[in-house]
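A.B. asks: Got a sequence here, can you build the structure:
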Amino acid sequence: MNIDELILDICKRAKSASYELARLPTETKNKALLNMADALEKNVSEILEANEKDVKASKERGVKEALLDRLILNEKRVSKMAQCLREVAALPDPIGEIVRTWTRPNGLIIGQLRVPLGVVAVIYESRPDVTSDASGICLKSGNAVILRGGSDAFNSNMTIGRILSEAAVESGVPEGAIQVVPTTDRKAAIQLMKMRDYVDALIPRGGAGLIRAVIENAKIPVIETGTGNCHIYVEEDADQEQAIKIIINAKCQRPGTCNAAEKVLVHRGIASEFIPKAVDVLRKHGVEVRGCEETRKIVPDVIPATEDDWYTEYLDLIIAFKVVNGLEEAINHINKYGTKHSDAILTSDFNKALRFIRDVDSAAVYWNASTRFTDGNQYGLGAEIGISTQKLHARGPMSVQHLTTIKYFVLGRGHIREL
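C.D. replies: Residues are numbered from 1 along each chain as shown. Predicted coordinates for the structure are as follows:
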């Protein structure tokens, strides 16, 4: 079977399964999710063995540590994947919800009913936990899912996908509801992007290159999950000790994630006091610091930041500082250079925080909190299939409800239209 035939077969099976999934009872879906969670934990040794092959190959290719972290699985991370599936099972089932109804003067009753999108394809890099999260969210929302992971996590994704699919089918879910594309050939990804007759939505998860390739090649509606050039703005009235803790968490906890902080903007009024302390602590955590001219006057050995730096998502232990004159300049800088993902203000002033929240054009904005919280699980959504930085069809962490749409239903009593 050639690549075109393979993708066509996968898409046909997914489309067929999607009609059955749309009418599955909530009890069946929840049972499947719980059995899928149990299956992950039961087969953790097999999953880690497959993951070890991927990690070894990536190390041999010289993949940097921060990106390698996204690939690595251990018992704790597999357990977290299972827990996310259980949390998705505990969420309300959105399918069949009557969103609203109203009655027209002529007696017609109009209503909106929540329904699945149908078939969702996910093209992603590195992170094998996406295989589990996407499968669970799509199943609960009544969608079939086609997963095309990156070559660096191929063994992990194939193993996780098979385990999840088998557990789901044993629980009453139709064959073809969860499928992993069984090849690393890039032609498969390109062909999948063109399957408009079978796939209803395409979600890319990865770096700027992947997202750009999907947008340029896809014939299917794309829900864009953007890159994370995330900012933290430190106001002159901020609690400086607290600010440093937040910056360290946002940058250092997992620097290879899209919600990690990449830039720190500092109010000129505290720059000479705050920046040396922050740079010192960041360097103790192994972070390379870059900065604007004003920053380098305060800490001369900081690496000069170029214009390109302000646009860059490092995904590494690198951060850039810029001194700004105040809130307005900070907001303008973020709106120009940011990626509309996650940005934070650290201040004790409610009105400044309110203006930042209102005027920064990002999917998630924070007041005195780390950008690392931009995560479906942290938001109480159970898990996420991605973080949308666009404004249609969803924005921010996307979970079960965001993979649905509505249909209108109209109830009449022999009504006919006269005009």
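A.B. asks: Could you list the low-pLDDT ranges of the stretch 201-350 of the chain?
C.D. replies: The stretch 201-350 of the chain contains no residues with pLDDT under 70.
A.B. asks: quick one, phi/psi of K340?
C.D. replies: phi 60, psi 30 (degrees, to the nearest 10).
A.B. asks: Next: the one 3 residues further on.
C.D. replies: In this entry, D343 is assigned phi and psi values of phi -140, psi 150 (degrees, to the nearest 10).
A.B. asks: For the helix ranked longest in the chain, the averaged confidence score.
C.D. replies: Counting residues, the longest helix found in the chain (DSSP state H) is helix 3-21. The predicted model gives helix 3-21 an average pLDDT of 98.
A.B. asks: That helix: what's the following helix or strand?
C.D. replies: In the C-terminal direction, the helix or strand that comes right after helix 3-21 (DSSP states H and E) is helix 26-42.
A.B. asks: Can you name every helix or strand that that following helix contacts?
C.D. replies: helix 75-90, helix 129-140, helix 154-170 (3 or more Cβ pairs under 8 Å, 6 or more residues apart in numbering; DSSP states H and E). C-beta coordinates here come from the backbone N, C-alpha and C atoms, glycine included.
A.B. asks: residue ranges of the helices in the stretch 201-350 of the chain, please?
C.D. replies: 208-217, 240-252, 268-284, 293-298, 307-311, 327-337, 350-359 (DSSP state H, counting those that start in this stretch).
A.B. asks: What are the phi and psi values at E125?
C.D. replies: Given degrees, to the nearest 10, the pair of backbone angles that E125 has is phi -120, psi 150.
A.B. asks: ok, it - contacts?
C.D. replies: 149-150, 152-153, 205-207, 210 (Cβ atoms under 8 Å, 6 or more residues apart in numbering).
A.B. asks: And the nearest residue to it once chain neighbours are set aside, how close does it get to R114?
C.D. replies: Computed as Cβ to Cβ, 6 or more residues apart in numbering, the closest residue to E125 that is not its neighbour in sequence is G206, at 3.6 Å. Distance check for G206 against R114: by Cβ to Cβ, to the nearest Å, it reads 29 Å.
A.B. asks: Looking at the two, which is more packed in?
C.D. replies: G206 (22 against 18; other Cβ atoms under 10 Å).
A.B. asks: count of residues packed around the nearest residue to E235 once chain neighbours are set aside?
C.D. replies: Among residues not flanking E235 along the chain, T347 sits closest, at 3.7 Å (Cβ to Cβ, 6+ apart). By other Cβ under 10 Å, the residues close to T347 number 22.
A.B. asks: Show the contacting residues for T347.
C.D. replies: If you count contacts by Cβ under 8 Å, 6+ apart, then T347 has 235, 237-238, 353, 356, 367-368 around it.
A.B. asks: For M193, give me the pLDDT.
C.D. replies: Taking M193 on its own, its pLDDT is 97.
A.B. asks: wait, isn't it in contact with I215?
C.D. replies: No. Look at M193 against I215 with Cβ atoms under 8 Å: they stay out of range, at 9.7 Å.
A.B. asks: ok, the residue nearest to E125 to T183 distance?
C.D. replies: 18 Å.
A.B. asks: same question, A22
C.D. replies: Applying Cβ to Cβ to A22 and T183 gives a distance of 28 Å.
A.B. asks: Identify each buried residue in stretch 370-379, please.
C.D. replies: By neighbour count with 16 or more other Cβ atoms under 10 Å, stretch 370-379 contains the buried residues 370-377.
A.B. asks: Including secondary structure and distance to I303, could these go into a markdown table?
C.D. replies: A markdown table is the format used below for those (DSSP: H, G, I helix; E, B strand; the rest coil; distance: Cβ to Cβ, whole Å):
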| residue | secondary structure | distance to I303 |
| --- | --- | --- |
| S370 | coil | 24 |
| T371 | helix | 22 |
| R372 | helix | 24 |
| F373 | helix | 29 |
| T374 | coil | 27 |
| D375 | coil | 30 |
| G376 | coil | 35 |
| N377 | coil | 35 |
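A.B. asks: State the number of residues packed around I331.
C.D. replies: 22.
A.B. asks: Ok, D301 next?
C.D. replies: 9.
A.B. asks: My guess is the residue nearest to E125 contacts V130. True?
C.D. replies: No. If you go by Cβ under 8 Å, G206 and V130 don't touch, sitting 9.5 Å apart.
A.B. asks: Which neighbours do the two have in common?
C.D. replies: Y124.
A.B. asks: ok so, going back, and M193 and I215? Which one has more around it.
C.D. replies: Set M193 next to I215 and count neighbours by other Cβ under 10 Å: M193 wins out with 24 against 13.
A.B. asks: Nearest spatial neighbour of the residue positioned nearest the centre of the chain, chain-adjacent residues omitted?
C.D. replies: For the chain, the residue nearest the mean C-alpha position is G386 (2.4 Å; Cα atoms, centre = their mean). Spatial nearest neighbour of G386, excluding adjacent residues (Cβ to Cβ, 6+ apart): T225 at 3.7 Å.
A.B. asks: What of E224?
C.D. replies: Q390 is the one closest to E224 (Cβ to Cβ, 6+ apart), at 4.6 Å.
A.B. asks: ok, the one you found - contacts?
C.D. replies: Applying Cβ under 8 Å, 6+ apart to Q390 gives the contacts 223-224, 226, 340.
A.B. asks: go on, N249?
C.D. replies: 370, 372.
A.B. asks: Go again with 6 Å.
C.D. replies: N249 makes contact with S370 under the criterion Cβ atoms under 6 Å, 6 or more residues apart in numbering.
A.B. asks: What helix or strand is T405 located in?
C.D. replies: Here T405 is assigned to strand 404-411, by DSSP H and E.
A.B. asks: coming back round to it: Y311: which of the contacts of T347 is nearest?
C.D. replies: Of all these, F356 has the smallest distance to Y311: 20.7 Å, by Cβ to Cβ.
A.B. asks: Which secondary structure state is assigned to V145?
C.D. replies: Here V145 is recorded as strand under DSSP: H, G, I helix; E, B strand; the rest coil.
A.B. asks: mind checking how far the nearest residue to it once chain neighbours are set aside is from G118?
C.D. replies: Leaving out its chain neighbours, the residue that sits closest to V145 by Cβ to Cβ, 6+ apart is C138, at 3.8 Å. As defined by Cβ to Cβ, C138 lies at a distance of 10 Å from G118.
A.B. asks: between those two, who's got more neighbours?
C.D. replies: C138 (28 against 20).
A.B. asks: do you know how far the more buried one is from L411?
C.D. replies: For C138, the distance to L411 - Cβ to Cβ - is 31 Å.
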